[in-house]
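**Q** Here you go, sequence then predicted model.
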Amino acid sequence: MRILLVASAFNSLTQRVYTVLRALGHVVAVELALGDEPVRAAVERFRPELILAPMLTRAIPEDVWSRYPVFIVHPGPMGDRGPSSLDWAIHENAEVWGVTVLQAVAEMDAGPIWASAPFSVRPGAKSELYRGEVADAAVSAVLLAVERFQSGSFEPDPLDYSRPEISGRLRPYHTQDYRRIDWSVDDTATVLRKLRSGDSQPGVLDTLAGREYYLHGGHSEDRLRGAPGQVIATRDGAICRATVDGAVWILQLRPRRAPGDPATFKLPAVDVLGDFLADVPEVPVSPEEAGRRQTWAEIRYREDGAVGFLEFAFPSGAMSTQQCRRLLTAYRDAAARRTAVLVLGPARDFFSNGIHLNVIEAAADPADESWQNINAMDDLVEAILTTTDKLVVSALAGNAAAGGVMLALAADEVWCRASVVLNPHYRLMGLHGSEYWTYTLPARVGAEEARRLTSAALPVGADEALALRLVDRVVGGSASEFGTWVGREAARLAESVSLETRLLAKKIRRAGDEAAKPLAAYREEELARMRVNFTDPAEPYHTLRRNFVCKVSPTATPEHLRG
Ligand code: COA
């Protein structure tokens, strides 16, 4: 079928639906919902049989939905309506929620229902839920709706609140009035729900050091205590605030923007608060200790038999210079352990999205900070590439992009959850890219395919990635099922009789590759191009980065998405 995706952004869910429908042989084009006229023009141009809106924040024009079938993906159970479904699900502590595919009609979210899929709401941030459970349920519901539509015989159910299976209702926009934290009253569970329902957008508006900020990221703390609302500790850029019955970690802050002022964006809380924290102690936790405790840590390490697991979870998958350096230290420690296999990757959500564009944007000298950041990334990748006494596995429970994909490729094997979407390219940020990608990517997929992937700048689904040999293994299931599978397979790898032979082969291959062309030469060539990207005023990187960080909407749908 010819399917036009109309979306407010080519975001993770839209990318997922795009890769899944294309893999099924549908002809798919994307139009960003930037106004009624461009949408009408795209419909005229593409002549779709079906229009699908995986993520839409504005209405489709009536003359489009009255002439074409338009399916809207709504992140709520049947009958749920309104713009803040997931915020409400988390705020009200729902255990089960759903995704519904309904046909567009004049009234928002009130059209006939084509399909719906439930999911369990796991404690965590809204955006993490969106990229995980919501995306999986949305794909199930979309595929069922498309199949029913193609059958030609399915009659969608009208929205009828008298039916028992219609569990949802119309809910208002989730304003800051619902989100506001009363530190003198709200217990930890309530504070966490409020923080998580607002993360990553819009955050919870609060006052700190006499200024208004949006708070982002909410994690519990098992030991630290203090006066409710007080900042009692810092750790790796995050702040810990006491509640009436415990404490929570807040990772990032975004200053409230005054009318007429430039856009503000999220940054590590400690960077934002600066001197205000002069008397607040930094309370570190080692990756090993974090692995045993219920506290927030961006890096955790644990061992199970001959397998080491180095988990890292950076907000938004973005890795600043400092975060890369901390991970490199933890990696070196983990690599020095007497394990046979080392597994890298977060338990869920983004694996990595490369260098930290927000921190770079906020730096006094963004070109210099970009340079520091890419070098710190390269140091980490180099450490992985040169580990020859154990097998290293990148385990991707969630998506990766740009340098984050290339970081994964540094490992001997890349294992991937079936729901993962990869963006193995840098072009959209105006960068040549580094992370030794010119060594690892062609070695995996071939020079021609590497050129295609990096220039087409399109998302790649896990199955396609497997077919291209971009990744080695793909398995379905939830993030926790994936984690269990990774643990089992890593143990099997560690115990396999062929391990010694594989390690020997790895040493020989690395030495051969080094003799043919040293890693340092790849790095030098890549960084020579990156230096131009960072320092030449004619290069688009700084403008592209600023627009990305400040969420400047594009003026037109990028050509490469139009199919
Ligand atoms: N630095 C800083 N923030 C980043 C980031 C990065 N490298 N990559 C993603 N983010 C942030 C986004 O701004 C967004 O923030 P928000 O939640 O406050 O809106 C959040 O992570 C999620 O990203 P979003 O774009 O909404 O998710 P997505 O799944 O729809 O798209 C990507 C993911 C990775 C395709 C997209 O974010 C992207 O292109 N990132 C830039 C990758 C890059 O160029 N890295 C630098 C070169 S190595």
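**A** Structure's in. What do you need? Residues are numbered from 1 along each chain as shown.

**Q** Get me the contact residues on the stretch 1-150 of the chain for the ligand.
**A** Along the stretch 1-150 of the chain, the residues adjacent to the ligand under the rule C-beta under 6 Å from any ligand atom are 11-12, 127. (Glycine included, C-beta is placed from N, CA and C.)

**Q** Name the member of those residues with the most neighbours.
**A** Ser12 (23 neighbours; other C-beta atoms under 10 Å).

**Q** Now it: closest residue in space, sequence neighbours ignored.
**A** In this structure, Ser12 finds its nearest non-sequential neighbour in Arg131, 5.0 Å apart by C-beta to C-beta, 6 or more residues apart in numbering.

**Q** What is the nearest of the residues of the stretch 1-150 of the chain next to the ligand to Thr295?
**A** Taking C-beta to C-beta as the measure, Thr295 lies nearest Ser127 of these, at 21.6 Å.

**Q** would you turn the residues of the stretch 1-150 of the chain next to the ligand into JSON lines with pLDDT and distance to Ile232?
**A** Below are those laid out as JSON lines (pLDDT from 0 to 100; distance: C-beta to C-beta, whole Å):
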{"residue": "Asn11", "pLDDT": "96", "distance to Ile232": "36"}
{"residue": "Ser12", "pLDDT": "96", "distance to Ile232": "34"}
{"residue": "Ser127", "pLDDT": "97", "distance to Ile232": "26"}
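
**Q** which residues of the stretch 451-563 of the chain fall in helices?
**A** 462-467, 479-495, 499-516, 519-535, 541-549 (DSSP state H, counting those that start in this stretch).

**Q** Quick check: phi and psi on the residue of the chain most remote from its centre?
**A** In the chain, the residue that sits farthest from the middle, by C-alpha atoms, centre = their mean, is Ser162; the gap is 38.4 Å. Ser162 adopts backbone torsions of phi -80, psi -10, taken as degrees, to the nearest 10.

**Q** And it, how close does it get to Gly79?
**A** 11 Å (C-beta to C-beta, to the nearest Å).

**Q** same deal with Ala42?
**A** From Ala42 to Gly79 the distance is 31 Å (C-beta to C-beta).

**Q** Please apply the same query to Phe482.
**A** 32 Å.

**Q** which element is the residue nearest the centre of the chain on?
**A** Residue closest to the mean C-alpha point of the chain, counted by C-alpha atoms, centre = their mean, is Phe350 at 3.9 Å. Per DSSP states H and E, Phe350 falls between elements, in no helix or strand.

**Q** From what I see, it and Leu396 are in contact.
**A** No - Phe350 is beyond contact range of Leu396, at 9.2 Å (criterion: C-beta atoms under 8 Å).

**Q** Comparing Phe482 and Gly79, which residue is more hemmed in?
**A** The neighbour count for Phe482 versus Gly79, taken as other C-beta under 10 Å, is higher for Phe482 (25 against 21).

**Q** beta partners for the nearest residue in space to the more buried one that is not next to it in sequence?
**A** Leaving aside its chain neighbours, Phe482 sits nearest to Arg417 (4.4 Å; criterion: C-beta to C-beta, 6+ apart). Beta-bridge partners for Arg417, by DSSP bridges, are Val475.

**Q** count of neighbours near Arg417?
**A** 26.

**Q** do the same with Val445
**A** 19.

**Q** What distance do you get for the residue nearest to it when sequence neighbours are not counted to Glu526?
**A** Closest residue to Val445 apart from its sequence neighbours, by C-beta to C-beta, 6+ apart: Leu468 at 5.0 Å. Distance from Leu468 to Glu526, counting by C-beta to C-beta: 21 Å.

**Q** again, but for Ala9
**A** Distance, Ala9 to Glu526, using C-beta to C-beta: 29 Å.

**Q** Same question for Glu303.
**A** Taking C-beta to C-beta, one finds Glu303 at 34 Å from Glu526.

**Q** With neighbour numbers in mind, choose between the two.
**A** Neighbours per residue, other C-beta under 10 Å: of Glu303 and Glu526, the larger number sits with Glu526, 22 against 15.

**Q** how many neighbours does the nearest residue to the more buried one once chain neighbours are set aside have?
**A** In space, and not counting its chain neighbours, Glu526 is closest to Ser434: 4.1 Å by C-beta to C-beta, 6+ apart. By the criterion of other C-beta under 10 Å, Ser434 has 26 neighbours.

**Q** and what of the one 5 residues further on?
**A** Counted with other C-beta under 10 Å, the burial measure for Tyr439 works out to 21 neighbours.

**Q** That one: what's it in contact with?
**A** Neighbouring residues of Tyr439 by C-beta atoms under 8 Å, 6 or more residues apart in numbering: 385, 513, 517, 519, 522.

**Q** thinking the last one is in contact with Glu435, fair?
**A** No - counting by C-beta under 8 Å, Tyr522 does not reach Glu435; the two are 9.9 Å apart.

**Q** Of those two, which one has the most company?
**A** Set side by side, Tyr522 and Glu435 show more neighbours around Glu435, with 31 against 21, by other C-beta under 10 Å.
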